[in-house]
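Student: sequence and predicted structure below; questions after.
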Amino acid sequence: MDTKVEDMSKSYLSQIFIKFSNYRLIIVSFFISSAIFYFIRYLENHIYRVFDTTNYLVFHTIVEFASIVMYISSFLIIYYVGERDTRLRMKVLAGVLLFVGCVDFWHTFSYNGMPGLFIPSSSQTATAFWIVGRLGFAGGILISSFISLRVKVRFVNRWIIAALPLVLSVFCLVYVSYFPFPTLFIEGEGLTNTKHLFEYLIILMLVASFVNFCIEYKKEKSSILSLFISALIISIFSELAFLSYASVYDTYNLLGHIYKLIAAYMIFKVLFIFNINYPYGRLDRAEKEISMYANNLEQLVDQRTEEVNIANQQLLSDLEYAKTIQKAIMPIKHEKYENLEVYSEYIPYEKIGGDYYGFKDLNDEYLAFYIGDVAGHGVPAAMMTIFIKQTIITEKIYQSGIKEIYSPKEVMTNLYNEYNQTDFPLEMYAVMVYGLYNKKTNSMIYSSAGLNTYPLLYEGNGKVRALEHTGFPICKFDKNYQPEFNDYFVEMNKGNKVLFYTDGIVEVTNIKGDSFGENKLMEILSENGHMSPKEISKEILNELNKFTEGVKLNDDVHYFIMQVN
């Protein structure tokens, strides 16, 4: 229980300390200003004095000019950032400070002992300008305290901010110089009641401004606003000092001017921070944040790059695995079926390809074979090749065990109908040739589904001819449309060879852009037709490598050679 009370006490004390820290500058300003003022009051009999006129005028002129410079500088800061800073409060403060700076200039030259402006200098004239300036200052600050910093104006010409205070200050100069003004100071007697009344009014407006800005500070907790409130406190004590002097050269007049100079500096600092230092501070913070984000971005990019590399390695690994699977379902490169020898070559354009082929020994009489090409490359094409291979139906088996071998055109028709029942995209299609080889008669029957290459038949003695065919591709088409596939017959003799291939080998180009072409393939087969299928394949690859030297393949290269033994 005691521990809990102790924790609560510490928490309460910490809250008080935080609140004191927030208001520290305001509190310190109040205590120092009041301490100095009341210290002089308390020791007035020992401290109070009237200074030498000449020395005091030097001090007064320096202090006033310093204040004027800070007021005008504050105005210029706001004036030249006005196009970017559209806050109404800043524009009001700019006008007020320019007005006060001008009136203080009139006040300085009208001070008793100075050369004067339109009329000779006097304590009455100087005091009149002082009251006008202080009323303008306090009234302007009070007005600005009712204007939120969030209130903005878009279309105020900045010349108005300069012209209006200047015109008003010149009017005050003329009025005070040539028109009756209430008596404020009487030499040898001191301040009049009118002067006291004006000073109390100025103090009242400053106190009202102080209250308004304190309420705003409680909401915003802005350190800049606390500096402005501190300037108001010092300005209030400056006016209290000007309520107490008996001579325009005495201790209270000097104290009041010192307070005024300090307040002017603090106001200048506030407006400088608000309009110059604060934006640059925000810019520095933004640059640091951008730098931090850039570093984080680099780390994020490195992280994402690493993730991409890992994913890429995984993809490459999966592609290698897919390549192994695709290779596993492909027929053996070199195969013999009784009186028929077959040799194949398959070079995929990517890790996995879109070409396919196969052989199937149906019975003692027939051997089925096919070769085809799927539109596109890579994984989608490879997936479609698997579908084609799995969907080719070569025979019908009855319950009695009797097998009916489908003709090539029937196989093509069945495959076309099955494909049109799938959800493959419209842009995907396949072209192919499917055939049957009769091992007893050495004859061949085949049908085409749009394959755009012609098989080449080597008949012996260098003679080669192309086996022509036509057909409709395996694709998604109108369900009511039924394409017609045809069977083509070829009689073959011992030693004859047939080269089936896809368009990848004839459409490959060299560095000059020339195609390998069907004629080149016929020429190779004509010159080497007496060799075995494996040797012929080797010659084809040699010629292809010479032709494409320095050029990457742009399609799958695929063919197989059948030889009647």
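Tutor: Thanks, I have the structure now. Note that the structure is predicted; figures quoted are calculated from it, not measured.

Student: can I get the CA coordinates of stretch 475-485 in CSV?
Tutor: This file holds the C-alpha atoms of stretch 475-485, laid out as CSV (Å, rounded to 0.1, in the frame of the first residue of the first chain):
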residue,chain,number,x,y,z
CYS,A,475,-7.5,-25.0,-80.9
LYS,A,476,-10.6,-23.4,-79.2
PHE,A,477,-13.1,-22.7,-81.9
ASP,A,478,-16.9,-22.5,-82.6
LYS,A,479,-18.5,-25.5,-80.9
ASN,A,480,-20.7,-26.1,-83.9
TYR,A,481,-17.7,-26.2,-86.2
GLN,A,482,-16.2,-29.7,-87.0
PRO,A,483,-13.0,-29.6,-89.0
GLU,A,484,-12.2,-32.3,-91.5
PHE,A,485,-8.9,-34.2,-91.1
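
Student: what residues does it touch?
Tutor: 408-409, 412-413, 416, 419-420, 422, 424-426, 428-430, 447-449, 471-472 (CB atoms under 8 Å, 6 or more residues apart in numbering). To be clear about C-beta, it is placed using only N, CA and C from the backbone, and glycine gets the same treatment.

Student: so which of the residues you listed belong to helices?
Tutor: Among those, the subset assigned to helices under DSSP state H consists of 408-409, 412-413, 416, 419.

Student: please spell out which residues along stretch 257-277 are buried.
Tutor: 257-264, 266-271, 273-275 (16 or more other CB atoms under 10 Å).

Student: hey, where'd the strands end up in the stretch 51-200 of the chain?
Tutor: Counting by DSSP state E, counting those that start in this stretch, the segments of the stretch 51-200 of the chain that form strands are 185-186, 190-191.

Student: how about TSV for those, with distance to K439 and mean pLDDT added?
Tutor: Formatted as TSV, the strands of the stretch 51-200 of the chain follow (distance: least, CB to CB, whole Å; pLDDT from 0 to 100):
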stretch	distance to K439	mean pLDDT
strand 185-186	136	82
strand 190-191	136	81
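
Student: closest to S247 out of those strands?
Tutor: Ranking these by proximity to S247 (CB to CB) places strand 190-191 first, at 7.7 Å.

Student: how far away from the center of its chain is the closest one?
Tutor: The chain centroid and the centroid of strand 190-191 are separated by 68 Å under CA atoms, centre = their mean, to the nearest Å.

Student: go on, stretch 55-69?
Tutor: The answer for stretch 55-69 is 55 Å, by CA atoms, centre = their mean.

Student: ok, now stretch 95-114?
Tutor: That offset, for stretch 95-114, works out to 53 Å (CA atoms, centre = their mean).

Student: restricting to C-alpha, output it in CSV.
Tutor: The C-alpha coordinates for stretch 95-114 follow below in CSV (Å, rounded to 0.1, in the frame of the first residue of the first chain):
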residue,chain,number,x,y,z
GLY,A,95,1.7,45.9,-40.6
VAL,A,96,1.7,46.6,-36.8
LEU,A,97,5.5,46.4,-36.5
LEU,A,98,6.1,48.6,-39.5
PHE,A,99,3.7,51.2,-38.0
VAL,A,100,5.4,51.0,-34.6
GLY,A,101,8.9,51.3,-36.2
CYS,A,102,7.9,54.4,-38.1
VAL,A,103,6.2,56.1,-35.0
ASP,A,104,9.3,55.2,-32.8
PHE,A,105,11.4,56.9,-35.4
TRP,A,106,9.3,60.1,-35.0
HIS,A,107,9.5,59.6,-31.3
THR,A,108,13.3,59.4,-31.3
PHE,A,109,13.8,62.6,-33.2
SER,A,110,11.1,64.4,-31.2
TYR,A,111,12.8,63.5,-27.9
ASN,A,112,13.7,66.6,-25.8
GLY,A,113,17.2,67.6,-26.8
MET,A,114,17.0,66.0,-30.4
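
Student: and the protein, what are its domains?
Tutor: 51-286, 325-564 (automatic domain parsing).

Student: how far does the last one sit from its chain's centre?
Tutor: What separates the centre of domain 325-564 from the centre of its chain is 53 Å, taken as CA atoms, centre = their mean.

Student: and the residue in the chain sticking out farthest from the centre, what pLDDT?
Tutor: Distance from the C-alpha centroid of the chain peaks at G188, with 74.4 Å (CA atoms, centre = their mean). With respect to pLDDT, G188 has a value of 74.

Student: again, but for N486
Tutor: At N486, the model reports a pLDDT of 92.

Student: Three-state assignment for it, please.
Tutor: Taken by DSSP: H, G, I helix; E, B strand; the rest coil, the conformation at N486 corresponds to coil.

Student: can you tell me how far it is from E410?
Tutor: 12 Å (CB to CB, to the nearest Å).

Student: settle it for me: which of these two has more neighbours?
Tutor: Applying other CB atoms under 10 Å to N486 and E410 shows that E410 carries more neighbours, namely 18 against 13.

Student: how far is stretch 215-222 from where the chain is centred?
Tutor: Offset of stretch 215-222 from its chain centre (CA atoms, centre = their mean): 34 Å.

Student: all numbers from here: first residue = 799
Tutor: Sure thing, new numbering starts at 799, so read that last one as stretch 1013-1020.

Student: quick check: which element contains L999?
Tutor: helix 991-1018 (DSSP states H and E).

Student: pretty sure A1166 is in a strand, no?
Tutor: Yes: assessed by three-state DSSP, A1166 belongs to a strand.

Student: burial of it, as a residue count?
Tutor: Neighbour tally, A1166, other CB under 10 Å: 20.

Student: residues contacting the spatially closest residue to it that is not a sequence neighbour?
Tutor: Among residues not flanking A1166 along the chain, K1158 sits closest, at 4.4 Å (CB to CB, 6 or more residues apart in numbering). Neighbouring residues of K1158 by CB under 8 Å, 6+ apart: 1165-1167, 1192.

Student: least confident of those?
Tutor: Minimum pLDDT across the contacts of K1158 falls on T1192, with 82.

Student: next up, phi/psi of the residue farthest from the centre of the chain, please.
Tutor: Main-chain dihedrals, G986, degrees, to the nearest 10: phi 90, psi -20.

Student: mind checking how far it is from V1046?
Tutor: Look at G986 and V1046: by CB to CB, they are 12 Å apart.

Student: do the same with E987
Tutor: For E987, the distance to V1046 - CB to CB - is 13 Å.

Student: list buried residues within the contacts of stretch 1273-1283.
Tutor: Counted by 16+ other CB under 10 Å, these give 1206-1207, 1210-1211, 1214, 1217-1218, 1222, 1226-1228, 1245-1247, 1269-1270 as buried.

Student: between the residues you listed, which is nearest N1326?
Tutor: Here the nearest of the buried ones among the contacts of stretch 1273-1283 to N1326, counting by CB to CB, is S1246; it sits at 26.1 Å.

Student: OK, contacts around the closest one?
Tutor: Applying CB under 8 Å, 6+ apart to S1246 gives the contacts 1210, 1230-1231, 1267-1269, 1283-1284, 1286.

Student: check L1023 too.
Tutor: 1011, 1014-1015 are the contacts of L1023 under CB under 8 Å, 6+ apart.

Student: and those, which is closest to Y1299?
Tutor: E1014 (87.2 Å).

Student: check contacts around that closest one.
Tutor: E1014 neighbours (CB under 8 Å, 6+ apart): 943, 1023.

Student: pLDDT value on it, please?
Tutor: 87.

Student: now A926
Tutor: At A926, pLDDT is 91.

Student: ok, for A936, nearest residue in space, not its chain neighbours?
Tutor: A936 sits nearest to M1003 (CB to CB, 6+ apart), 3.9 Å away.

Student: dump the strands of the stretch 849-998 of the chain into CSV; add mean neighbour count and distance to V861 as well.
Tutor: Below are the strands of the stretch 849-998 of the chain laid out as CSV (neighbours: other CB atoms under 10 Å; distance: least, CB to CB, whole Å):
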stretch, mean neighbour count, distance to V861
strand 983-984, 18, 19
strand 988-989, 16, 20
